[in-house]
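Participant: here is a sequence with its predicted model. Questions after.
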Amino acid sequence: MTDAATTPSAGRSTRAALVASGLGLLVGAGTLLGAGPPAAAADPGPVSGRATCSLTGRHWTAHARVDSARTERFAAYGNSGVGWTGGDSTYSVRLTGNRTVWLFSDTFWGPVNSDLSRPTTVPFLNNSFVVERGGYLRTVAGGNPQEPDSLVPPDEPGTWNWLGAGQATPASLDVMFLEFARTGSGPLDFAWRENKLGRFHPDTLRLREVVPLPSAAGVQWASWLLRSDGFTYVYGVADLGLTKYMHLARVPGTDLATGGWEYWTGSSWSPTETDSARLMSGVANEYSVSRWRDGYLLVTQDTRELFSSRILAYVGCSPTGPFTEAATLYTTPETGASGSYADPDIFTYNAHEHPDLRRGDRLLVTYNVNSLDPNADLYDDVTIYRPRFVEVTLVPDRRG
């Protein structure tokens with residue numbers, strides 16, 4: 001295992017770097033646009049729920065501001081060129097020892113040029129961790145100091161693993177992974193293949209094992225993990241291209257690898273994965289569902305419109321929904337030709353909350369930034385391909 005706090009990075013071949021930049025596009029366009037055709041079926045609408053709470057009957061107003069301290073911390077670390085210099089997904093898990101582990105999918109590894117461009121020979125990984133502790137950051141990756149590699153490397157050529165949500169258990173750090181594979185020679189010729197679970201030692205963060213997870217229903221079970229009422233709820237997405245649908249499963253306790261999975265059918269729980277129902281459309285591949293006040297808060301990028309800059313909040317009274325749109329939490333300033341980069345190729349995607357890092361009622365929300373022209377933009381400017389951190393407070397407005 002390679003730790004960037006103690007070892008410098010080493011360059012890889014230009015070919016690998018160019019492939020990496022292509023995958024940087026894929027994780028952006030693939031997760032926002034999807035690889036398949038648009039959905040043929042109509043949106044089934046929200047699923048009925050029995051629970052009641054105060055959230056859905058109120059009107060909400062969001063007050064947002066940039067988390068400047070964390071933004072500057074990641075910018076300074078990424079600009080240093082030691083280890084992680086940019087990535088996406090941006091999940092987080094709190095661990096013992098006052099550590100927050102940030103989970104990234106596609107990851108650029110140092111060095112960084114003095115003008116904040118990056119050499120085309122830099123290493124590129126498909127998954128990595130950045131550990132935050134006491135205001136300091138360090139990168140954890142696989143491989144060795146001379147050849148850093150993904151924490152969960154591919155099983156065979158032409159495949160890779162992007163990570164999803166994670167959780168701490170008494171024995172391990174468990175992280176959901178999605179295996180993708182090339183289906184042709186074009187930049188968008190790729191497809192999801194299966195779900196898996198990576199189990200890491202909670203102290204060393206060394207990979208212990210990779211366990212297969214249910215994958216029969218075409219649902220990518222990695223969007224979010226929620227512990228509630230003695231269950232771990234596993235949120236996923238059926239990515240049908242321009243339309244994406246939320247799905248929900250659960251397991252008793254916290255062990256995702258021991259079986260006992262049940263799937264929400266729209267009215268009850270079934271042990272058969274293919275019974276899983278579409279809860280709602282409009283979610284991104286990555287989103288969050290967390291306890292909030294006396295109900296549940298869903299945070300997602302709005303995928304009902306192409307390359308949307310809107311991060312939305314939905315509220316519900318049960319983990320199964322239905323979820324009602326409550327407010328626009330934030331409008332991302334980087335998006336499009338009129339955005340902060342003045343670049344029509346820049347887009348934002350895969351927003352979610354970090355409930356373990358709330359400050360009272362103040363939410364911490366992240367989103368990712370990418371380019372439709374990664375071979376130029378992501379090498380010319382290292383600041384683009386990094387998460388953004390926003391603090392948001394939701395309050396009932398006067399109509400509520």
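Facilitator: Looks like it came in fine.
Participant: SS state for N79?
Facilitator: Going by DSSP: H, G, I helix; E, B strand; the rest coil, the secondary structure assigned to N79 is helix.
Participant: can you pull the pLDDT of the residue nearest to it when sequence neighbours are not counted?
Facilitator: Setting aside the residues directly before and after it, N79 is nearest to V112 in space (C-beta to C-beta, 6 or more residues apart in numbering), at 5.8 Å. The C-beta positions use only the backbone N, C-alpha and C, and glycine is treated the same way. Model confidence at V112, given as pLDDT, is 97.
Participant: what is the burial count for N98?
Facilitator: The number of residues packed around N98, counting by other C-beta atoms under 10 Å, is 9.
Participant: hang on, the residue nearest to N79 in a strand?
Facilitator: No. V112: not assigned to a strand; according to three-state DSSP it is coil.
Participant: contact partners for the residue nearest to P212 when sequence neighbours are not counted?
Facilitator: Nearest-residue entry for P212: K196, 5.7 Å, with adjacent residues in sequence omitted and distances by C-beta to C-beta, 6+ apart. Neighbour list for K196: V152, N161, M176, F177, L178, E179, V210, V211, P212, L213 [criterion: C-beta atoms under 8 Å, 6 or more residues apart in numbering].
Participant: what residue ranges in the stretch 151-300 of the chain score low on pLDDT?
Facilitator: Under the criterion of pLDDT under 70, none of the stretch 151-300 of the chain is flagged as low confidence.
Participant: strands of the stretch 101-250 of the chain, residue ranges please.
Facilitator: 124-125, 128-133, 136-143, 148-149, 159-168, 173-182, 190-200, 207-212, 220-228, 231-239, 244-252 (DSSP state E, counting those that start in this stretch).
Participant: CA atoms of the last one as PDB?
Facilitator: Output of strand 244-252 as PDB, limited to C-alpha atoms (Å, rounded to 0.1, in the frame of the first residue of the first chain):
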ATOM      1  CA  LYS A 244     -32.100   7.300 -13.700                       C
ATOM      2  CA  TYR A 245     -34.200   5.600 -11.100                       C
ATOM      3  CA  MET A 246     -33.700   5.200  -7.400                       C
ATOM      4  CA  HIS A 247     -33.900   1.600  -5.900                       C
ATOM      5  CA  LEU A 248     -33.700   0.500  -2.300                       C
ATOM      6  CA  ALA A 249     -32.500  -2.700  -0.500                       C
ATOM      7  CA  ARG A 250     -31.700  -3.400   3.100                       C
ATOM      8  CA  VAL A 251     -29.900  -5.900   5.300                       C
ATOM      9  CA  PRO A 252     -30.300  -6.600   9.000                       C
END
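Participant: ok, back up a step: and the residue nearest to P212, how far from G295?
Facilitator: Taken as C-beta to C-beta, to the nearest Å, the spacing of K196 relative to G295 amounts to 32 Å.
Participant: make a markdown table from the contacts of K196 and add neighbour count and distance to W224 to it.
Facilitator: As requested, the contacts of K196 are arranged in a markdown table below (neighbours: other C-beta atoms under 10 Å; distance: C-beta to C-beta, whole Å):
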| residue | neighbour count | distance to W224 |
| --- | --- | --- |
| V152 | 22 | 19 |
| N161 | 23 | 18 |
| M176 | 26 | 9 |
| F177 | 24 | 14 |
| L178 | 24 | 13 |
| E179 | 20 | 19 |
| V210 | 16 | 20 |
| V211 | 15 | 19 |
| P212 | 11 | 20 |
| L213 | 19 | 14 |
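Participant: nearest to L242 among those residues?
Facilitator: Each of these was scored against L242 by C-beta to C-beta, and L178 proved nearest at 19.4 Å.
Participant: for the closest one, what are its contacts?
Facilitator: L178 sits in contact with N161, W162, L163, G164, W192, E194, N195, K196, Q220, A222, where contact means C-beta under 8 Å, 6+ apart.
Participant: go ahead and confirm the third one touches S105.
Facilitator: Yes. Under the criterion of C-beta atoms under 8 Å, L163 lies in contact with S105, with a separation of 5.5 Å.
Participant: so what's the residue count around P344?
Facilitator: By other C-beta under 10 Å, the residues close to P344 number 15.
Participant: touching, it and T335? I think so.
Facilitator: No. Contact status for P344 versus T335: not in contact, 9.6 Å apart, counting by C-beta under 8 Å.
Participant: next, G260: phi, psi?
Facilitator: Here is the backbone geometry of G260 (degrees, to the nearest 10): phi 80, psi 20.
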